[in-house]
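> pasting the sequence and the predicted model now:
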Amino acid sequence: MFEVSRTVVRQALNEMAYAGLLERQKGRGTFVAQPKLSSRGLVQSLDGFYKDMADRGLRVVNQVLEQAMLPAEPRVARYLQLEAMAPVIKIVRLRLIEGEPIALVTAFLPYDLCRELIGADLTQQSLYAFLEDTCGLTVASGRRRLEAVGANDQEAKLLKVAAGSPLVLLESVSYLSDGTPLEYFKGSFRSRFEVEIVGLAGETGEAEWPA
């Protein structure tokens with residue numbers, strides 16, 4: 001059809017597999033690879049998941065499963081430095097890339113800082129962009145940590161994996177420039193990660209996770 005030799009096709013497939021665009025499964029064939037998340041974009045960048053994926057030309061859709069105001073549970077109140085039972089906005093989203101479920105994420109934000117968020121349509125919009133454009137709030141810093149976990153029944157159903165399948169758990173606390181906590185975030189990701197390695201010259205000081 002394309003008037004090229006099998007050798008050229010094989011070489012092209014090899015190069016795309018090496019680049020992570022394709023993956024080979026023994027006994028089955030060659031398939032388009034599942035999107036990989038950049039560890040730099042997700043863990044080290046303040047842009048957020050939506051912008052990171054959109055900047056790479058990927059179509060991101062959020063299925064908002066819950067968006068409500070409720071009293072902060074002790075763990076959330078501690079991370080957001082709020083009094084017990086202070087009002088927070090809870091947002092649960094299933095994140096899809098090119099129609100494929102990639103992450104199940106839950107965010108908590110102080111209601112008094114961003115009341116407009118309770119009625120926001122986040123299906124095809126970045127949370128951070130909404131906070132900046134509508135609420136005048138810009139994330140200036142954050143603390144994030146990763147952990148390997150097994151998918152529970154709810155995660156397995158929504159992310160279309162078997163119960164107990166390995167997921168990457170990301171927890172994050174984001175802050176305004178004056179140190180005020182803006183968001184506590186917890187997300188389970190099924191995607192594989194691309195990791196950028198830097199030498200000693202690129203090291204930064206270790207940051208302590210909130211107690």
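On my side now, so go ahead.

> flag the shaky bits of this protein, pLDDT-wise.
18-20, 34-57, 191-211 (pLDDT under 70).

> for it, longest helix please?
Ranked by number of residues, the top helix in the chain under DSSP state H is helix 6-18.

> grab the nearest non-local neighbour of Arg93.
Nearest residue to Arg93, sequence neighbours excluded (Cβ to Cβ, 6 or more residues apart in numbering): Asn62, at 4.5 Å. Every residue, glycine included, has its C-beta placed from N, CA and C.

> and whichever strand or helix holds the one you found, which strands flank it?
Asn62 belongs to strand 60-71 when elements are defined using DSSP states H and E. Paired neighbours of strand 60-71 in the sheet (DSSP bridges): strand 87-97 (antiparallel).

> for the partner strand, what is the distance to the chain centroid?
Relative to its chain's centre, strand 87-97 lies at 11 Å (Cα atoms, centre = their mean, to the nearest Å).

> picking that back up, and the contacts of the longest helix of the chain?
Under the contact criterion Cβ atoms under 8 Å, 6 or more residues apart in numbering, helix 6-18 has outside partners Leu22, Glu23, Arg24, Thr30.

> what segments of this protein are strands?
Assigned by DSSP state E, the strands in the chain fall at 22-25, 29-32, 37-38, 60-71, 87-97, 100-110, 141-150, 166-175, 181-189, 193-194.

> and Ser126, which of these is closest to it?
Ser126 lies closest to strand 60-71 among the strands of the chain, at 8.7 Å (Cβ to Cβ).

> starting at the chain centroid, how far to the closest one?
14 Å.

> for that strand, buried residues please.
Going by neighbour count (16 or more other Cβ atoms under 10 Å), the buried part of strand 60-71 is Val60, Asn62, Gln67.

> what of stretch 126-142?
Ser126, Leu127, Tyr128, Phe130, Leu131, Cys135, Leu137, Val139, Gly142.

> how far does it stretch from start to finish?
Length of stretch 126-142, first residue to last, Cα to Cα, to the nearest Å: 17 Å.

> show me what contacts Met85?
Met85 makes contact with Pro71, Ala72, Ala77 under the criterion Cβ under 8 Å, 6+ apart.

> I misspoke; the intended subject was Val105.
Contacts of Val105 (Cβ under 8 Å, 6+ apart): Phe49, Val92, Arg93, Arg95, Phe185, Lys186, Gly187, Ser188.
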